[in-house]
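**Student:** Need the 3D shape of this:
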Amino acid sequence: MPKQQQTPVPRRKEPGLIGKLLSATVQLVSWLIISLLLSILIEWIGINRFWAEQGSNHAKTVLAMDQRYLNQSLKNESLVIKGQVISATATAVNWIAQQSWLTTISTGTPTSKVSMGSMDAIQKWIHGLSDRYQDYWQAANYVAQTFVVRLALIFFSLPIFLFAGVVGAVDGLVERDLRRWGGGRESSNVFNLAKKSITPAFVLACVVYISLPYSVNPVIVILPFAIALALAVRISFERLKKYF
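**Tutor:** Below is the predicted model of the structure:
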């Protein structure tokens, strides 16, 4: 019997530049949301285990100290965008501070007599839940405000990552030329590993800084990850193919 011809498997089309940017943006937003939820969870565990006496005041203190770091950025007003970012951050923080949806639901009144009994029962249950865990809800509100402030601080730290990437790229290209003229070996495995480590270096900096339950100078957290990003970029450019 004649052999059946196997149909070639169609190659998967690689996404373009816009597709890669959209994918990276969605992934970054997802990780930021995970960081927010993780920071709230850490704060709740801390209220239950470590700083029970402080309660939600612990998150309030962290928020005040982070706002102090943000206000220090106003010393240099050479860039208009800095004032715009800080103004937008203050607006977002004030909007989050005014949100009290749980209290509104628990104290609201039903609009129809038919659902009066069921709505009363639901409101009583939510009201009891609000009274019991009021400190936790207030702490979550403070953490959400801190999340916005730290996002602004991360935005102001972007030049550090950019500078680290440029330095790593220049040093890596120099090492690549030395390897090419010196007859060095190719290593695609090292190149692929270093290339895949560039984005996680920045994402981990955001996740770790946002999730910290204490207020620290952002440089202490950002600088080590910027150095890691510079090393990843350097190795990536160093291990580029010698000939294209």
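
**Student:** Run through the residues that contact the spatially most central residue of the chain.
**Tutor:** Among the residues of the chain, L32 comes closest to the average C-alpha position under Cα atoms, centre = their mean, at 3.5 Å. Taking Cβ atoms under 8 Å, 6 or more residues apart in numbering, we find L32 in contact with L151, C206, I210. All C-beta spots, glycine's among them, are computed from the backbone N, C-alpha and C.

**Student:** Once you drop chain neighbours, what's closest to the second one?
**Tutor:** In this case it means C206. Excluding the flanking residues, the one nearest C206 by Cβ to Cβ, 6 or more residues apart in numbering is I154, at 5.8 Å.

**Student:** Let me know the closest of the contacts of L32 to V174.
**Tutor:** C206 (30.1 Å; Cβ to Cβ).

**Student:** Packing partners of the helix or strand containing that closest one?
**Tutor:** In this structure, C206 is located in helix 198-211 according to DSSP states H and E. The contact analysis (3 or more Cβ pairs under 8 Å, 6 or more residues apart in numbering; DSSP states H and E) places helix 198-211 against helix 17-49, helix 134-156, helix 158-181, helix 218-238.

**Student:** could I get these as CSV with mean pLDDT?
**Tutor:** Output for the helices and strands packed on helix 198-211, formatted as CSV (pLDDT from 0 to 100):
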stretch, mean pLDDT
helix 17-49, 86
helix 134-156, 89
helix 158-181, 86
helix 218-238, 90
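
**Student:** For L63, which of these is the nearest?
**Tutor:** In terms of Cβ to Cβ, the element of the helices and strands packed on helix 198-211 nearest to L63 is helix 134-156, at 4.7 Å.

**Student:** residues making contact with the closest one?
**Tutor:** 32, 35-36, 39-40, 43-44, 47, 55-56, 58-60, 62-63, 66-67, 69-70, 73, 82, 85-86, 89, 92-93, 96-97, 99, 102, 130, 205-206, 209-210, 218, 222.

**Student:** Report how many residues lie close to L162.
**Tutor:** When neighbours are counted by other Cβ atoms under 10 Å, L162 registers 12.

**Student:** Next: the one 5 residues further on.
**Tutor:** A count of nearby residues for V167, using other Cβ under 10 Å, gives 15.

**Student:** what's near enough to touch it?
**Tutor:** Contacts of V167 (Cβ under 8 Å, 6+ apart): A230.

**Student:** follow-up on the earlier one: quick check: the gap between the residue nearest to C206 and V208.
**Tutor:** Distance of I154 to V208, computed by Cβ to Cβ, to the nearest Å: 11 Å.

**Student:** ditto for F156
**Tutor:** Counting by Cβ to Cβ - F156 and V208 are separated by 17 Å.

**Student:** What of N71?
**Tutor:** 23 Å.

**Student:** next one: S215
**Tutor:** S215 is 14 Å from V208, by Cβ to Cβ.
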